[in-house]
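>>> Model the structure of this input:
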Amino acid sequence: MNKLLGLSLVATTLIAASLMADKTFADQTVQGSSATVAVNGTLGADNTNPDSKIPEGDDNWINVTVPTSTIFYNTPKDPTVKSPTYKIVNNSGRPVDVLATAFTADSTNVAPSSFSLTLQTVGTATNTATTATTNLVNAGAVNTSLNAKLITLANKEGKMTSTVAATAATAGDNASTFTYGGSSTATAMTQLKYNLGLTFKSVGW
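Numbers count the residues shown, from 1 in each chain. Okay, here's the model as predicted:
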């Protein structure tokens, strides 16, 4: 291998290593019998750290806090369905899409035909909900084709992209709240059980 080719390979390797540090992968073209490829590993990668070497869009970025259970109710005097306010928080180093993808009823449910239920998603002034109202139950029947993107949450620092300066990040955009709405004219007390399925997708930058 002549000196010029050797220097060319060294320069190519150094450029590749530099690009890797910026989370960009580059190829090197080798005109010879050997090559050196940099290997950078991370053990115990912290998905709350934006600088972690986890591939963009990988599910291992997902770190979201949601309630374990929720409730809704109404009274015979007021048909409007009410509920407490619940919170979804993205703790990860990347933005996350939040989707409602399933709503299933317990086999013991006997829902009245007057019953409707919606999921109300609220973002922030700078990060509004993609779908503010999602139909879960209509005339007592569950929405079996549920697939609604609710909101995209910023990363834990309030950043949607890597180009946003830390000083320009919007605090609170990594969280949203939700409640239940709807109505029922039933006057007899009826216990209902459902499961809400949420899906999270990491958003690369």
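>>> neighbours around Pro112, how many?
For Pro112, the neighbour count with other C-beta atoms under 10 Å is 14. Where you see a C-beta, it was placed from the backbone N, CA and C, and this is true even at glycine.
>>> That one contacts Gly140, correct?
Yes. Using C-beta atoms under 8 Å, Pro112 is in contact with Gly140, at 5.7 Å.
>>> Next secondary structure element downstream of the strand or helix carrying Asn74?
Using DSSP states H and E, Asn74 sits in strand 73-75. Next helix or strand after strand 73-75 toward the C-terminus (DSSP H and E): strand 78-82.
>>> Export only the CA atoms of that next one, formatted as PDB.
Only the C-alpha atoms of strand 78-82 are listed here, as PDB (Å, rounded to 0.1, in the frame of the first residue of the first chain):
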ATOM      1  CA  ASP A  78     -77.200  14.600  35.100                       C
ATOM      2  CA  PRO A  79     -76.700  12.500  32.000                       C
ATOM      3  CA  THR A  80     -73.300  14.000  31.200                       C
ATOM      4  CA  VAL A  81     -70.400  11.700  31.700                       C
ATOM      5  CA  LYS A  82     -67.500  13.100  33.800                       C
END
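>>> Need the CA coordinates for the helix or strand just after it. PDB is fine.
Downstream of strand 78-82, the next assigned helix or strand under DSSP H and E is strand 86-90. Extracted in PDB, the C-alpha atoms of strand 86-90 (Å, rounded to 0.1, in the frame of the first residue of the first chain):
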ATOM      1  CA  TYR A  86     -55.400  12.100  33.900                       C
ATOM      2  CA  LYS A  87     -51.800  12.800  32.600                       C
ATOM      3  CA  ILE A  88     -49.500  11.300  30.000                       C
ATOM      4  CA  VAL A  89     -45.900  12.200  30.300                       C
ATOM      5  CA  ASN A  90     -43.000  11.500  27.900                       C
END
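>>> What strands line up against the helix or strand following strand 86-90, and which way round?
Under the assignment DSSP H and E, the closest C-terminal helix or strand after strand 86-90 is strand 96-105. Paired strands of strand 96-105, with direction, are strand 148-153 (antiparallel), strand 194-202 (antiparallel) (DSSP bridges).
>>> what's next to whatever helix or strand comes next after strand 96-105, contact-wise?
Going down the chain from strand 96-105, the next helix or strand is strand 116-122, by DSSP H and E. Contacts to strand 116-122, defined as C-beta atoms under 8 Å, 6 or more residues apart in numbering, come from residues 72, 81, 100, 129-139, 150-151, 176-184, 196.
>>> hang on, the earlier thing: the strands paired with strand 96-105 into a markdown table, with extra columns for mean pLDDT?
Formatted as a markdown table, the strands paired with strand 96-105 follow (pLDDT from 0 to 100):
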| stretch | mean pLDDT |
| --- | --- |
| strand 148-153 | 98 |
| strand 194-202 | 98 |
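>>> Any idea what the most centrally placed residue in the chain is bridged to?
By C-alpha atoms, centre = their mean, the mean C-alpha position of the chain lies nearest to Val96, the distance being 2.9 Å. Val96 has these beta-bridge partners by DSSP bridges: Leu153, Ser202.
>>> so how far is the strand holding Asn74 off the chain centroid?
31 Å (C-alpha atoms, centre = their mean, to the nearest Å).
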